[in-house]
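Asks: Turn this into a model:
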Amino acid sequence: MIARVEPLTTTRRLSGPFDYKADGLALDVGSIVRIPFGHQQLDGVVVALTDSTDVPEEKLVVPTDVRDDSVPRDLVDTALWIAEEYCSTPARALQIVTPPPGKAKTYLFAEPTGETGKLTAKQQELMERLPGPAGKDLAALRRLEARGLVTISERTERRVPRTNATEDRAHELTQPQVEALKAIDEGGSHLLHGVTGSGKTEVYLRAAQACLERGEGVIVLVPEIALTPQTVARFQARFGDTVALLHSALSEGERYDEWRRLRTNEARIAVGPRSAVFAPVDNLGLIVVDEEHDASYKQDGDPRYDARHVAAFRAYQSGARLVAGSATPRPETVHTMHRLRLPARVEAAGKKPLVFAEDPAPPGVAPPRPALTPRRADGLPPVRILDMRESQHSLHPETRRAILATRKSIVLLNRRGWSNFLSCKTCGKAWECPRCDVALVLHRAQHEIACHHCGHKEPVPKRCDNCGSLAVARHGAGTERVEHELRQMLDVPIFRLDADTTSTKDAVPELLARFHASSSGLLLGTQMVAKGHDFPDVTLGVVLDADSTLRFPDFRAEERTFALIAQLAGRAGRGPKGGRVLVQTRSPDAPSIVAAANHDSDGFLREELARRKAHEYPPFADIIRVVTSAADPDAARSAAAAIAEHITVPETQLLGPAPLFRLRDRERFQLVLKTHERAAAIHATGHAVEDAARAKAFKEVNFSVDVDPV
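Replies: Alright, predicted model coming up:
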């Protein structure tokens, strides 16, 4: 028997699999083996077993070791598909489906056998503490074991991840929820398009319960564990230990134990961010992709897989149901999946529109206008657009009044730091990163200017090193500066949630828990504050500089702007007091902003799909992006040109090579393919990149391929 093994290496210059003897070894597809490879020992995964080989028998060697854990056969197939679909290598793809490193944590457990004998006082005291762990009394227990009075065995101790405990109870379903569950139960793939607070999570929970009753397993994907603690907690409260968590914030031991519980069917529901799509769940019956619009489902590093696409593959592979849920679904998903609607918030179902008043204004402060605001029939908060084209301040006067008069609010500004960039008023110099072609951002609390790409930092300049001028100007405002302004005008706690304040483990859930528990306060932050939180006592949401994302050179700019505003609006007014939203913008007539203010998801999607069809953007064409990088710009340019010469695919437009901004001291060039022949374009691109990567002329060049770039 011959085992075909893919060595787990990162290089593109190595093309496997390689044949090894399987003599005397219990191997199967998915076995993880230690193999002699040249002058080194490598780990590898068995991808096939065969009884024939082209390698002379005298050159075949036997793996030196076989790991106890293995990769399920369906995940081996998934990895090989990912390698092809995302122009990666089988080795890189297999690395992301292998078990986490680690081993079971064991301890010795002692219990009496039922036999009796003469005991000293210390021995009697020890026997009374049994059964239990042997601990420091092992030597004494071994003597009792020798007399037949005690048995000592090895047991496994589970390392339990820390979670946010919550109460959960099944609510009476609305009619749209009942209809959605019926459609999901019948099978297939569905988009659950529900406004914020419409009960999408309850639908997921009921669908998962039905799967468990049929003996099937479930995978639930969430954008980021730290930002969706309530969803995770509800699954754990409903299903207990049958839920396993898989995410990078776990310790190595916790991650291994949770993976092992799924592999052995001790746990049947896997919950986690994008990597949980590779959970070893047997007899898979349901995959849920919550907040399917979120960009974090796309992997940054090679292989640059999209967990939503992988979820669709695994569902097809296993015959499982696929449910993608969002209040602001992607146009691609709306175009390709059957849509189930949850059109109103749960608490608004069957109720008349309400009128709510803001909390009483402090003495001497004018109340926000209007003092009484009607709540929409669907339970969503009314949204007001504030024109900032003539304003020189961060906050509109109406925003100031509303914040002062509100007990609990959320403010979103999708930019961290104090100022966007610094410049000299005399000579015009702008401070830029020496390693990247980008401006340095001022972080006043750290007394530094920093690059948000490579991490380079410098002290805040007191004078211009170009002309000596002391006139250094600060441009723009980030969350740090707005926090400073808010602290001067408010006497309630302010909680800032951005990458600068939440760099330590558990910082995000702890901050959100403190805001949730506080009777009053303001949560300020970047897009993190708009993701899936449920704070019933928040009655005001504010979006600052709402059009900032519209200025990005990205065909998804309109979609991102709409989603950001709509998602933030979804955080307000979820409780009995209702709520409202203010949107500050310098583009008050932008279609995506007007649509978000009107909660007009259908209208926005209709116009966005028409625009994309006219310009042949996804979902009406596929995009592939290739980036070459090197210290030498000529090498990067030549490599990109060589790849372009070898890609000839019908109905495919090739753009570039074009220069990108320098990043981490490396010059970069990119090619973009816009194609109507996805499979052929992926195949041609993968082979062209492989050929270039193996060429001696490009040995100093790095290659990045991104299929469906985000």
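Asks: quick one: contacts for residue 171?
Replies: Residues near residue 171 by C-beta atoms under 8 Å, 6 or more residues apart in numbering: 199, 202, 346. (Glycine included, C-beta is placed from N, CA and C.)
Asks: Could I get the phi/psi values of it?
Replies: phi -90, psi 160 (degrees, to the nearest 10).
Asks: next one: residue 685
Replies: Dihedral pair for residue 685: phi -60, psi -40, per degrees, to the nearest 10.
Asks: Relative to residue 648, how far out is it?
Replies: For residue 685, the distance to residue 648 (C-beta to C-beta, to the nearest Å) stands at 11 Å.
Asks: In terms of neighbours, single out the busier of those two.
Replies: Set residue 685 next to residue 648 and count neighbours by other C-beta atoms under 10 Å: residue 685 wins out with 24 against 11.
Asks: Which residues are in contact with that one?
Replies: Contact partners of residue 685, counting by C-beta under 8 Å, 6+ apart, are 87, 624, 626, 643, 647, 673, 705.
Asks: export the residues you listed to TSV and tack on secondary structure, distance to residue 489 and pLDDT?
Replies: Output for those, formatted as TSV (DSSP: H, G, I helix; E, B strand; the rest coil; distance: C-beta to C-beta, whole Å; pLDDT from 0 to 100):
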residue	secondary structure	distance to residue 489	pLDDT
87	coil	52	94
624	strand	49	97
626	strand	50	97
643	helix	55	96
647	coil	57	94
673	strand	51	96
705	strand	50	96
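Asks: now those in CSV, with distance to residue 254?
Replies: Shown next, in CSV, are the contacts of residue 685 (distance: C-beta to C-beta, whole Å):
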residue, distance to residue 254
87, 33
624, 37
626, 38
643, 42
647, 44
673, 41
705, 33
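Asks: thinking again about what came up before, just send the contacts of residue 171 back as a markdown table, with distance to residue 446 too.
Replies: Output for the contacts of residue 171, formatted as a markdown table (distance: C-beta to C-beta, whole Å):
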| residue | distance to residue 446 |
| --- | --- |
| 199 | 43 |
| 202 | 43 |
| 346 | 43 |
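Asks: ok, of the residues you listed, which one's closest to residue 123?
Replies: residue 202 (56.4 Å; C-beta to C-beta).
Asks: which stretch of helix or strand covers the closest one?
Replies: Following DSSP states H and E, one finds residue 202 within helix 200-213.
Asks: what's the angle from the next helix or strand after that helix to helix 200-213?
Replies: Using DSSP H and E, the helix or strand that follows helix 200-213 towards the C-terminus is strand 217-221. Put simply, strand 217-221 runs at 160 degrees to helix 200-213, going by axes from the mean of the first three to the mean of the last three C-alpha atoms, to 10 degrees.
Asks: Need the residues that contact strand 217-221.
Replies: If you take C-beta under 8 Å, 6+ apart as the criterion, strand 217-221 is touched by 204, 208, 211-212, 231, 235, 262, 265, 268-274, 276-277, 279, 281-290, 297, 307, 311, 314.
Asks: Separate out the buried members of the residues you listed.
Replies: 204, 208, 211-212, 231, 235, 262, 268-274, 276-277, 279, 281, 284-290, 297, 307, 311, 314 (16 or more other C-beta atoms under 10 Å).
Asks: follow-up on the earlier one: quick one: buried residues of the helix holding residue 202?
Replies: For helix 200-213, a neighbour-count test (16+ other C-beta under 10 Å) marks 200, 201, 202, 203, 204, 205, 206, 207, 208, 210, 211, 212 as buried.
Asks: So which other helices or strands are in contact with that helix?
Replies: On a contact count with 3 or more C-beta pairs under 8 Å, 6 or more residues apart in numbering; DSSP states H and E, helix 200-213 meets helix 175-185, strand 189-194, strand 217-221, helix 229-239, strand 284-290, strand 321-326.
Asks: all strands of the stretch 601-710 of the chain, in order?
Replies: 622-630, 652-663, 666-675, 702-707 (DSSP state E, counting those that start in this stretch).
Asks: by how many degrees do the first one and strand 666-675 diverge?
Replies: In this structure, strand 622-630 runs at an angle of 160 degrees to strand 666-675, with the same axes, to 10 degrees as the basis.
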